[in-house]
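Build me a model from this:
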Amino acid sequence: MTNVDNVTWGQSNDSVLQPLWDFLHQNHHDLLTSPLIPVFLSVTTYFFLVALYTVLDLLAPTWPSINRYRLHPDKPISWPNIWTTLGITIYNHLLYIFPAAVAQWLWRPPTPLPREAPSLWSFFLGILGCMVVFDFQYYLWHLLHHRIPWLYRTFHAVHHQYNQPFSLVTQYLSGWELFSVGLWSTVDPILLQCHCLTTWGFMVFNVYVSTEDHCGYNFPWAMHNLVPFGLWGGAPKHDTHHQRPSTNFAPFFSHWDWLGGTHTVSTPRHVARRAEGEKKRKSLN
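Numbers count the residues shown, from 1 in each chain. I've put the predicted structure just below:
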């Protein structure tokens, strides 16, 4: 007989995450059962990251140590662009996310918290599984919205008003696109029967890598520089997509673009020139 407190994918009482889960369970039980927790985590994570990247954008023109990592170091982010994208972001949150959060709070029952934490293996495997499923869903959505002119004009064109994305472009979206992304990130952990701690971890990580894809920076610690064999797209490839919209449709991984013949590793010309200049300087030294 399956106990309701048991969770899938091999959770155990001696999990590395059990002490953390016990602390949260004992001290913040009522808060964590609220259906608003996923929304709160996603929204706060997004605005924290956007604020951090925006500060870097504003400092970059006068700080060479930051500007050297920008994909477009000769094109600083302007205040008008910041206000425009921030305005659409706040508009979408007020018009779509806030009402959806209120609806969940009113009609969705409290989230039951299992006694056992997920094992470390199931925690990371669950996040990876959700990322793989989400990546496939968005790849198909993205491909269709570029291949069907009506879908592109009606829903996706707003996101491509910027051909050199920065962090606030992440949610510079139509309501339909925001709804689609939010639906998958909510439903996928349910389909994979993830522990709620795994679900929250996926939502935070999903927001992190989505913002990183649009941030306009090529930091050494970025996901595409940590994941080997070019399996992760990252900011350079998504930046290329905004300049060459018929390429690099997948949001995270690279395999669907490889299989679909839409993958490209080309980078902006000035980035290539900068790399060549650095290589020449090193050879001279």
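
The closest residue to residue 201 other than its chain neighbours sits in which helix or strand?
Nearest non-adjacent residue to residue 201, counting by Cβ to Cβ, 6 or more residues apart in numbering: residue 127, 5.4 Å away. Heads up, the C-betas are built off the backbone N, CA and C, glycines and all. Using DSSP states H and E, the element containing residue 127 is helix 120-147.

Check which residues of the helix or strand just after that helix are buried.
Scanning forward in sequence from helix 120-147 by DSSP H and E, the next helix or strand is helix 149-151. Buried residues in helix 149-151, counting neighbours by 16 or more other Cβ atoms under 10 Å, are absent.

other SSEs contacting the following helix or strand past helix 149-151?
The element immediately downstream of helix 149-151 (helix or strand, assigned by DSSP H and E) is helix 175-191. Here helix 175-191 touches helix 120-147, helix 196-214, going by 3 or more Cβ pairs under 8 Å, 6 or more residues apart in numbering; DSSP states H and E.

Show me which positions of the last one end up buried.
If I follow you right, that is helix 196-214. For helix 196-214, a neighbour-count test (16+ other Cβ under 10 Å) marks 196-207, 209-214 as buried.

again with the first one
When neighbours are counted by 16+ other Cβ under 10 Å, the buried residues of helix 120-147 are found to be 122-123, 125-127, 129-131, 133-135, 137-139, 141-143, 145-146.

next one: stretch 90-102
Buried residues in stretch 90-102, counted by 16+ other Cβ under 10 Å: 92-93, 96-97, 100-101.

what's the answer for stretch 232-246, then?
Neighbour-count burial for stretch 232-246, with 16+ other Cβ under 10 Å as criterion, is recorded at 232-242, 245.

try stretch 61-80
66-67, 69-73, 77.

Let me have those in JSON lines, extended by secondary structure and pLDDT.
Formatted as JSON lines, the buried residues of stretch 61-80 follow (DSSP: H, G, I helix; E, B strand; the rest coil; pLDDT from 0 to 100):
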{"residue": "66", "secondary structure": "helix", "pLDDT": "96"}
{"residue": "67", "secondary structure": "helix", "pLDDT": "96"}
{"residue": "69", "secondary structure": "coil", "pLDDT": "97"}
{"residue": "70", "secondary structure": "strand", "pLDDT": "96"}
{"residue": "71", "secondary structure": "coil", "pLDDT": "95"}
{"residue": "72", "secondary structure": "coil", "pLDDT": "95"}
{"residue": "73", "secondary structure": "coil", "pLDDT": "94"}
{"residue": "77", "secondary structure": "coil", "pLDDT": "95"}
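
Next one, pLDDT for the residue nearest the centre of the chain please.
In the chain, the centroid-proximal residue (Cα atoms, centre = their mean) is residue 210; its distance is 2.1 Å. According to the prediction, residue 210 has pLDDT 97.

How many residues are close by the spatially closest residue to it that is not a sequence neighbour?
Nearest non-adjacent residue to residue 210, counting by Cβ to Cβ, 6+ apart: residue 170, 5.6 Å away. Applying other Cβ atoms under 10 Å, we find 24 residues neighbouring residue 170.

I'd say residue 170 and residue 209 touch.
No: between residue 170 and residue 209 there is no contact under Cβ atoms under 8 Å: 10.3 Å.

which residue packs closest to residue 16, ignoring adjacent ones?
residue 120 (4.7 Å).

and that neighbour, what does it touch?
Applying Cβ atoms under 8 Å, 6 or more residues apart in numbering to residue 120 gives the contacts 15-17.

Need those in a markdown table (columns: secondary structure, distance to residue 107 and neighbour count).
Formatted as a markdown table, those follow (DSSP: H, G, I helix; E, B strand; the rest coil; distance: Cβ to Cβ, whole Å; neighbours: other Cβ atoms under 10 Å):
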| residue | secondary structure | distance to residue 107 | neighbour count |
| --- | --- | --- | --- |
| 15 | coil | 32 | 21 |
| 16 | coil | 36 | 13 |
| 17 | coil | 30 | 20 |
